[in-house]
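1. this is the structure alone, sequence omitted:
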C-alpha cells in the first residue's frame, strides 16, 4: 500500500511539473509575441506593422531572455523525463486480472460480513424493543387499579 502511495505521489508530482511546463510555455509565447520586433524574413513579404520602440526589448536583452526561456523549458522537460522514468512498469494484464479477482473476493466477503452485522443489529433492536415493551406493559398492569 505504501509503495502505491509513493507511485501516486510521483504521478501527482508529474502532473504538477507538466502544469508548470505549460505555464512556462504560455509565458514564453506571451513574452515572445509582446516583446519581439517585426522583422522582414523575405524580400517578397514587406513589414506591414510596426511596434512602439518602447514596448520592444533591445535585441541583446531579447536574445538573453529567449536563451533563459529555452533553458527553463529544458530543465522542466528533464525533470518531467526523470519523473516518467521513475514510474513503475505497468503490471502484466494477467497479474492485474488476478489482483482484481482477489479484491472482488475480499469485497464480496466484506459485503457478507456487513449484511450479517446489519441483520444482527436488527435482531438486537427487535429484542430490546420487545423487552422495553414488555417492561412498559408490566408497569401498566401493576399500576392499573383493580377493578
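-> Looks like it arrived, so ask away. Keep in mind the model is a prediction, meaning the values are calculated, not measured. Residues are numbered from 1 along each chain as shown.
2. which stretches in the chain count as helices?
-> For the chain, the helices defined by DSSP state H occupy 2-35, 59-86, 93-143.
3. list the buried ones in the second one?
-> It refers to helix 59-86. Within helix 59-86, the residues that count as buried by 16 or more other Cβ atoms under 10 Å are 62, 66, 69, 72, 76, 79-80, 83. Yep, even glycine has a C-beta here, placed from its N, CA and C like the rest.
4. chain center to that helix, what's the gap?
-> In terms of Cα atoms, centre = their mean, to the nearest Å, the centre of helix 59-86 is set 25 Å apart from its chain centre.
5. tell me where the model's unsure across the chain.
-> 1-5, 7, 145-147 (pLDDT under 70).
6. next, format the helices of the chain as CSV and append distance to residue 44.
-> Shown next, in CSV, are these (distance: least, Cβ to Cβ, whole Å):
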stretch, distance to residue 44
helix 2-35, 23
helix 59-86, 24
helix 93-143, 58
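7. out of the ones you listed, flag the one nearest residue 50.
-> Among those, the nearest to residue 50 by Cβ to Cβ is helix 2-35 (14.3 Å).
8. packing partners for the closest one?
-> Counting by 3 or more Cβ pairs under 8 Å, 6 or more residues apart in numbering; DSSP states H and E, the packing neighbours recorded for helix 2-35 are helix 59-86.
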